[in-house]
Structure formats: structure tokens, C-alpha cells
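Chemist: here is a sequence with its predicted model. Questions after.
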Amino acid sequence: MKKWFFFRHIWALVLLFFTTNLYAQNLVFTGVVKDKQSDEPIPFASAVFKLSGKGSLTDSAGKFIINIDQIVPNDTLRISGVGYNVVAIPYSALKANTFFEVKLEVVHAATEAVVKSKYNRALWFWRQIIKRKTYHDRTVYNNYGYEIYNKLEVDIQNFKKESFEKNKLLKPLNFILNFVDSTTEDKPFLPAYITETLSDYYYQKNPHKARELIKATRTNGIENESLVKELGGMYQNVNVYSNTIPIFNRQFISPFNDNGDNYYNFKLLDTQYLSSKRLIHLRFTPKHKGEDTFEGDCWIHDATYSIQKVTLRPQEDASLNFVTGMSLIQEFKLINDTAWFLYKDKFVADIAPIGKNKLGLKGRKTTTYKNVLVNNASVVTELNKMKVIEKIELAQNYKQSSDSFWANNRHEALTKSEQSVYKLLDTLTNNPTYIGYRNTLEFVAKGTKDFGNMRIGPWFYWFSGNQYEGQRVRFDLSTNKSFSKHWNLHGYLAYGFRDEKFKGKAEIKYQFKSQPWGYINVSYRNDMDNGQTRYDQLANDNLFAAALRRNGIVQKFQRAEEKKIEYYQETNKGFGFGLSVTQKQLEPLANLPDDKFFTQTNAFNTFETSVHLRYAYAERTLETNFNRISLGSDFPIVDFAYTHAFNGVLGSENQYDKLTLTVRDFLKVAPYGKIYYNLFAGKTFGTAAYSFLDILPGNEAHYFNKQAFNLMNRFEYITDTYAGFNLEHNVGTGLFRFTPLTRKLKWRQLWTARGVIGNLSQANQQLNFVGSFPFKNLDNKMYLELGTGIDNILQFFRVDFVWRVLSPSPTKETVDRFGVFGSFHFSF
């Protein structure tokens, strides 16, 4: 009996032993560790059970596998990565043999301590990178080319189903709730928009040439071809080896800036092997608060000191509007076993325009590069096919929409949420309620609305008013691209209820082609003319103009009847040539000298021909319905014009010659912001009525005008010889970064200077200084305004404080020596 009892216990122990081992062998924990903001896998993160010590590091794809041979009660799985908060998951919450996802949040650099030592090995590694970056920067090659796949996805974050369901206006769109992604532990989000672009890109260093051929796009509603071109890779390349890195419209200091050790602390973390190559993990954090710098880390190939992967995040106090989180990740691969070349570029941004934790957007831009060619003759062959230095072309059948095409050609498969976007967009584009809401918002934002082949607006010209016309109404009507790809008809009719006069304009434009830009335009206008239309940012017949006028300034009025023929053509080299013929009859109406004070029978009639030369090297532009908006150039833009007025032609009694020259540019001077300058000069030979001389641009509104002298009245100074400058330096955070309050408010500092020296000849003074004239002569002296200001107030507004420092000649009108002006604009 005792023997049987003994064997029974032995068998029980043996069975328990084998059962436990069998159970333990089946406990396999697999998962992936990702960055919570960017959704990017975190390589070489640690996943370890705290009590048993069992664990592993994640691989280059952020995945880990842990095999457990013995369970420790109440154990905890700790997931950690350098620069991230630790996540602890109790064993009771884990399910073995099930793949799970863990997301880590970034620890901002401000909470980290910096240890100083006499020898900093991390700094030594950084210096080796800087010493060799000219060998790894892709611009070192004579030429290169590759295929680009660009994908942009936009999700709506913090999407609340309950609020959506209760909103009566949105009730017809309740089907959208079927597309809300709530399968993860994160807050539900709505995949809202996606674009895909596939293109070939070619670059040559000397002489500089760049070409992109967009082979296919899926833009889902974007029809403007010039906007489609912006979705390619030509202007979206970020080079981490550059001294500065563009983030939206701001320039951030790169960790690999030649003087990066003045802006960053560097820390050596650990060493890992990837594909038999030894990689050094280097972390960088900002030295100073409030600067436009990054925090993040990178993996460096120790044999070549080249970057294998880098992650950049704006520091917590960086002056970025609406951005609550952002990551820029770049990965590099070996090509030809000799050089590391960019393989993948990912940009993720959380944008919260109405506040953190409220309805916002998450944008994801992923760019991948394949079929890389370096110093290859085929690249030169492709570049020689174009005559310009930079060009973006659209293939004949670029609007590829078939699923089979994209399944075979996109570089990486779409995720589940990305696939759902296409289903949602297909449904929305056929929903009348959505189409109505979308068109209404576009009308409010753009000011215009299309009805078939016609366009009405802008709406903000419909109602306005002034002292002479009283209440004024205006209605614009024009054709759009649906009417014709080349012909554009436009006109408006206006009426003043006090002067009881109709005004208007009619014009016909024929556009030869958009690249290079060229057109001929014939117009007739009979309307009020303030003498400086080209300088107005807030035109007189704008809805908001009357409300923003400064008090105590006598308003001057004249009417213009103008007939004009204009021809303009650009070349592939950035040169532009224009020729115009203009006949203009002016009629002073109030507070300006009229015909009776002049010796000529018709002093305000002129017939002019003008030649216009323009040079804008590598200028970027955006086309909108037969007009074009300049997006600027990295080089100065030069404009020159010569005008001759003929006496005796079509009743003209003026004869003069006029020369004008302007040179303008934006200079990026990171970390000290950006500088805009405009140098201008002009000379008029001969005598003419004041309206045909150079009336220096003044501003009579409280709204700040960047192109005018803001404390100068209109028609205050006239000249026939002048030279001046317009300078504005947006410093960025500047002095505001030194105090916690202004850092939090994200105020930005600026200063301005505007000056001009000029003179009016004795003959023109005798002709124009008659009657109750309001004009003055600079008399070869300088007029100067200096100002400073605060930008980015409440992320939209700007306040300028301006002083009229130098002011030649006594004035007949009241002028302010100091003024405060406001303006607003959207900027990141």
C-alpha cells in the first residue's frame, strides 16, 4: 500500500513536469512596436518580462518574438525604446500565440539630463559625419535618376460619432460612420482623402537640370494640372545632409548642419548589426528652447559614417502653428555596394486648427524610390529632351485610375484604412448633400463659383462704398476652362448709388499655352482709378475697404477710361517679354486739380506704348483660370519697363519717356528667419500731368500694406525721378524665445524699413502744382519709415508699429508720425 502510494506521487510529479513543459513550449509572444505619432516601426526596441528576464529586441521592422519556457506569476512585459516612455503590460492582459501591437510615446528632450565630459565620443562621431557628408549627399553625383512613388493620406482625428449623429445638417451623411476606424486602442479616426503619384525623376548637377515625368496619378478631385505637378517629387525632396530642412513654410536647423554642435547635444546610445553591417545609434536633442530645431535619433554605418536611418521631430517649443505632432523619417539603402542612397521618406503631421484634442487632421506622406541610377548616361539623355532647366511634365495618359494598374505599379500595398478611403470618396462624389456643402465652402474660400462654362465672383466685390460713389455694387462674370482652353472672356458691371453712374470692364484673353506662359489680352475699362492699383492689397471696391479706412484723411477720386492691348510671352529660360498699347482718359472728380488748371486742352489724355522685360530664373507658379500666381524663386526676380507717350495720337497731349526697374527676392537666413527686399527706381523724361508721373504708393487704411508706405497719404508725393527700397526681416521667435509665456504664445518678431529718394523737375512742378494741389516734392531728400511688429498673434494676426522718421517738405494735410496697423494671414 505504501509502495503504491509512493509510485502514485512519482507519476503525478512526472505528469506535472511534462504538462508544464508542454504548456510552456506553446507560449510564444509576438508583436510589433511602433511610434504612436508616426505609426513607424521602432527598430531595436526592448521587449522584456520584468521578473523572468525573458525578452528580445525588435528587428529592423519593429517586430519581436519571445518564447517563454517558465511562467512567473504576476510578471509584466516592459516595452522600451530610446527616447520613448516605457509601456508596461501585465501578463494577465497578454494573449499567447496572438500578434499584438504596442505604441510608444516620445519623451521630449526637455526632461533629459545632459552629462558634460572632457571627451564626447558622440560628438566625435557627429564630426566624422560632417567631414564625410559631401561624399554621402546625393548632390555630389554628376547626375542621378529614380522612380518615385508618392502617397498622401489625410485622416480626420478625434472624430466623435455621437456629435456627428446629432447634427441635423450632417444627418444625410451618416453613412460616413461606416468608414470610421475604431479597431485600434487609439481614438477613432476617419480616413478622408488619399492621392497617389508615380513618376520618373532625373537630376544633373552641372549644368543644373531637373526633370520629372509624372506617369500616373490618382488625385480624387484635384483637376488643376499645375497643382497636380506639386504632388510629384520635384519640390518635395528633403535632404537631411543640408544645413536647413524645410518644414511647411519654415526653415529648421538640421542636426547635420555644418555648425550643428552649436544647436544640438549629441549622445551615443548603442550598437547593433543589420545585414552584417555595424550601426551606431546616435541621439540628438536641442541645446536651446524656442529655436526651430529637432530632436530625434539616427543610425550610422560605422565604416562609412553615412546615415542609414534618421528620425526627426520638431522640438516641443518650436514655433509651428497648428502642429501638435510631427515626424520625418528617412531610410537609406546601399546601391552598387558603395554608396547609401535614399530609399524611403515618410512625413507624418498631426494638425489641430481649432485646438489640441479637438477635431483635427493627420497627414501622412510616404515617398519611396526605386530603380536608382547614378552617374548614368541615360539620365543625361532624358534631361536633354527638355529646353528648360527645370520641368515637370504630365504623361499623355497620366490620369490612371484602374485598380489593376496601381496594384502592379505602386511600390507598397495599401493598408486597410487607405483602401477604405477610395470607397468613401467614391460614395461621397455621388452624394448631393456632400457636393452642395463642398461647393459652398469652396465659394466662401475662393470667392468665385462655376456654373457650367461660366464663373461668377469674387463675392467680396459685390458690396462696398466710398465718399464719392456712396454705396457701390459690382458683379463679375467670366468664362472658365470648360468654355475654352485658350479663350477667356471676363467683365464686370458696377454702380454707385450716390454719383448714380455705371462703371465696368470687359476683356478678352487668348492664352497660347501655359508652358512657356504666353497670352494676348484686349480690354476696355471705365471705372474709378486711385492711381496706384498695382500696390493695393486691399482694393478700394473691396467689401472690407471702407470699414478699415483711417480717419481724418481727405480721399481723392478720379475716373479712368482705358483701352489696352497687351501681349506677353515667356521663354524656356525664364525670360519674359511684353508689349502693350494703351489709350487712357482720366477725369479728376474730387480733391484733385482738374483740366481747368492746365494749359493743355486735354492734359489727362495719353497714348502709350510699353515694352516690359522680366527675368525669373526657375520660378514656380500656380495657374488659376487663365491667371497665374507666383510661388517665388530661389533667385532674384527682375522687372524692367520702358514706356513712350505719343503727342497727337487719339487726342493725346502728353509726350514723355518713362523707365522703371525693380529687383526683388526672398532670402532664407536660418536660424534668423527670412528677409524680403525690393529695390526699385524710375525716371520720367518730359512733362506730364501728375496722373502720368510716378505717384508714390501710400496707404490710407488701418490694414498693413507690404508694398506701400503706410504713413504716406495717397497722392502725397509725386516724382519723375526716384530710387528706393523695401526691406522686411521676419526674425522668427527672436527675443520671444527667451520667456516661457511668449514661447508658449509662439509670437514672432519682425522689423521693416521703407525708404525712397526722389525729385520732381522744375517743369513738372510748374505744370502740376496748381490750384489746391495736395502734392509735395521730395526735393532729392529721403522719405523713410521704420517699423517693428509682432507676428503670429493667436496664430493668424500681425500687428505693425510704424514710425515716419524722415518726411521732406511741409505737408498740407494731416499726417501721422506713428501708426499701428493690423493684418492677418495663414502660416504654419
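Modeler: Great, that's in hand. Quick caveat: nothing in here was measured; it's all calculated off a predicted structure.
Chemist: pLDDT weak spots in the stretch 401-550 of the chain?
Modeler: Low-confidence regions of the stretch 401-550 of the chain, defined by pLDDT under 70, span residues 401, 530-546.
Chemist: mind listing the helices for it?
Modeler: Per DSSP state H, counting those that start in this stretch, the stretch 401-550 of the chain carries helices over the ranges 403-409, 416-428, 432-446.
Chemist: just these: most buried one?
Modeler: helix 416-428 (a mean of 16; mean count of other Cβ atoms under 10 Å). In short, each C-beta sits where N, CA and C put it, glycine included.
Chemist: helices or strands up against that helix?
Modeler: Packing partners of helix 416-428 (3 or more Cβ pairs under 8 Å, 6 or more residues apart in numbering; DSSP states H and E): strand 143-157, strand 190-204.
Chemist: ok, which of those comes nearest residue 340?
Modeler: Closest approach to residue 340 among the helices and strands packed on helix 416-428 is made by strand 143-157 (13.0 Å; Cβ to Cβ).
Chemist: give me the angle between that closest one and helix 416-428.
Modeler: Counting by axes from the mean of the first three to the mean of the last three Cα atoms, to 10 degrees, strand 143-157 points 70 degrees away from the direction of helix 416-428.
Chemist: how about residue 141, what does it touch?
Modeler: If a contact means Cβ atoms under 8 Å, 6 or more residues apart in numbering, then residue 141 has 205, 374-375 as its contacts.
Chemist: 10 Å - rerun?
Modeler: Neighbouring residues of residue 141 by Cβ atoms under 10 Å, 6 or more residues apart in numbering: 203-205, 339, 341, 373-376, 379.
Chemist: then residue 308?
Modeler: Applying Cβ under 10 Å, 6+ apart as the definition, the contact partners of residue 308 turn out to be 60, 274-275, 277, 279-280, 298-301, 330-334, 340, 343.
Chemist: do that again at 7 Å, thanks
Modeler: 279, 299-301, 332, 340 (Cβ atoms under 7 Å, 6 or more residues apart in numbering).
Chemist: distance of it from residue 278?
Modeler: Shown here: residue 308 relative to residue 278, a distance of 10 Å by Cβ to Cβ, to the nearest Å.
Chemist: so how far is stretch 447-454 from its chain's centroid?
Modeler: Averaging C-alpha coordinates over stretch 447-454 and over its chain gives two centres that are 26 Å apart (Cα atoms, centre = their mean, to the nearest Å).
Chemist: nope, stretch 768-777 is what I was after
Modeler: Per Cα atoms, centre = their mean, the displacement of stretch 768-777 from the mean C-alpha position of its chain is 46 Å.
Chemist: which of the contacts of residue 141 fall within helices?
Modeler: The helices in this structure, assigned by DSSP state H, contain residue 379 from these.
Chemist: now, of the contacts of residue 141, which are buried?
Modeler: Burial by neighbour count, 16 or more other Cβ atoms under 10 Å: within these this picks out 203-204, 339, 341, 373-374, 376, 379.
Chemist: for those residues, which one is nearest residue 442?
Modeler: Distance ranking of those against residue 442, using Cβ to Cβ, places residue 203 first at 36.2 Å.
Chemist: surely the closest one is in contact with residue 143?
Modeler: Yes - the criterion here is Cβ atoms under 7 Å, and residue 203 meets it with residue 143 at 6.3 Å.
Chemist: tell me where the stretch 351-500 of the chain has strands.
Modeler: In the stretch 351-500 of the chain, the segments counted as strands under DSSP state E, counting those that start in this stretch are 360-374, 390-394, 449-451, 454-456, 463-466, 470-479, 487-496.
Chemist: what do you get for the stretch 151-300 of the chain?
Modeler: Counting by DSSP E, counting those that start in this stretch, the stretch 151-300 of the chain has strands at residues 190-204, 209-218, 244-247, 250-253, 264-274, 277-286, 294-301.
Chemist: partners of the longest one in the sheet?
Modeler: Think strand 190-204. Note on strand 190-204: by DSSP bridges, its sheet partners are strand 143-157 (antiparallel), strand 209-218 (antiparallel).
Chemist: and the average pLDDT for that strand is what?
Modeler: Predicted confidence along strand 190-204 averages 86 (mean pLDDT).
Chemist: now the angle between strand 390-394 and that strand, please.
Modeler: Orientation of strand 190-204 against strand 390-394 (the same axes, to 10 degrees) gives an angle of 130 degrees.
Chemist: starting at the chain centroid, how far to strand 190-204?
Modeler: How far strand 190-204 lies from its chain's middle: 17 Å, per Cα atoms, centre = their mean.
Chemist: just the CA coordinates of it, formatted as CSV?
Modeler: What follows is strand 190-204 as a C-alpha-only set of coordinates in CSV (Å, rounded to 0.1, in the frame of the first residue of the first chain):
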residue,chain,number,x,y,z
LEU,A,190,-12.0,58.8,-40.3
PRO,A,191,-9.8,58.1,-43.3
ALA,A,192,-10.8,61.0,-45.5
TYR,A,193,-8.5,61.6,-48.5
ILE,A,194,-5.7,59.9,-50.5
THR,A,195,-3.6,60.7,-53.6
GLU,A,196,-1.1,58.6,-55.4
THR,A,197,1.6,59.7,-57.9
LEU,A,198,4.1,57.6,-59.9
SER,A,199,6.8,59.5,-61.7
ASP,A,200,10.4,59.3,-63.1
TYR,A,201,12.8,61.9,-61.8
TYR,A,202,16.2,63.0,-63.3
TYR,A,203,18.8,65.4,-61.9
GLN,A,204,22.0,66.8,-63.2
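Chemist: low-confidence ranges, this protein, go.
Modeler: Counting by pLDDT under 70, the chain has low-confidence residues at 1-26, 109-119, 181-188, 221-236, 400-401, 530-546, 810-814.
Chemist: and the two most separated of the buried ones among the contacts of residue 141?
Modeler: By the measure Cβ to Cβ, 204 and 339 form the most distant pair in the buried ones among the contacts of residue 141, at 17.5 Å.
Chemist: ok, back up a step: wait, which of the helices and strands packed on helix 416-428 is closest to residue 253?
Modeler: Evaluated over the helices and strands packed on helix 416-428, closeness to residue 253 peaks at strand 190-204, with 24.8 Å, by Cβ to Cβ.
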